[in-house]
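K.L.:
Here is a sequence together with a model predicted from it:
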Amino acid sequence: MFDQGGFSKVLVVPTPMGAGYHLHLVKFGRQSETVVLERQRGGWRVFKSIDAAANTAHGIGFRRIEIDLSSR
């Protein structure tokens, strides 16, 4: 979906229990629906650092990455 322009931006967000960070992919559209990046074996992917999450987002193809620490 990224190659087809399905996502407008990516957010690095702390996990609910503070054990790391998730990548939230924001879809284009009025609702700005988000999808959390998942592992191949199921479940949400948890990154230990903001840098690791940013590197993965960059590898996917995002050139602009937002960090949202409001839930901390």
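P.N.:
That came in fine, so what should we check first? Residues are numbered from 1 along each chain as shown.
K.L.:
just for the chain, where's the confidence low?
P.N.:
1-5, 72 (pLDDT under 70).
K.L.:
where do the strands sit along this protein?
P.N.:
7-14, 21-27, 34-36, 65-67 (DSSP state E).
K.L.:
okay, those strands in a markdown table with distance to Ser49 and mean neighbour count next?
P.N.:
Where you see a C-beta, it was placed from the backbone N, CA and C, and this is true even at glycine. As requested, the strands of the chain are arranged in a markdown table below (distance: least, Cβ to Cβ, whole Å; neighbours: other Cβ atoms under 10 Å):
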| stretch | distance to Ser49 | mean neighbour count |
| --- | --- | --- |
| strand 7-14 | 10 | 19 |
| strand 21-27 | 7 | 19 |
| strand 34-36 | 17 | 15 |
| strand 65-67 | 11 | 14 |
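K.L.:
what's the distance between the spatially most central residue of the chain and Phe62?
P.N.:
Note on the chain: the residue nearest the mean C-alpha position is Leu23, at 1.8 Å, using Cα atoms, centre = their mean. Using Cβ to Cβ, to the nearest Å, we find Leu23 at a distance of 9 Å from Phe62.
K.L.:
tell me, what's touching the two both at once?
P.N.:
Val10 (Cβ atoms under 8 Å, 6 or more residues apart in numbering).
K.L.:
ok so, going back, which residues does the residue nearest to the centre of the chain form beta bridges with?
P.N.:
Using DSSP bridges, the beta-bridge partners of Leu23 come out as Val12.
K.L.:
Run through the residues that contact it.
P.N.:
Contacts of Leu23 by Cβ under 8 Å, 6+ apart are 10-13, 36-37, 45, 47, 53, 56-57.
K.L.:
one more time with 10 Å, if that's ok
P.N.:
10-13, 34-38, 44-47, 52-54, 56-57, 60, 62, 65 (Cβ atoms under 10 Å, 6 or more residues apart in numbering).
K.L.:
Would you check how far apart Val46 and Leu37 are?
P.N.:
10 Å.
K.L.:
Quickly list what's touching both of the two.
P.N.:
Counting by Cβ under 10 Å, 6+ apart, the residues touching both Val46 and Leu37 are 22-23, 53.
K.L.:
nearest to Gly6, of those?
P.N.:
Among the shared contacts of Val46 and Leu37, Leu23 lies closest to Gly6 (Cβ to Cβ), at 14.8 Å.
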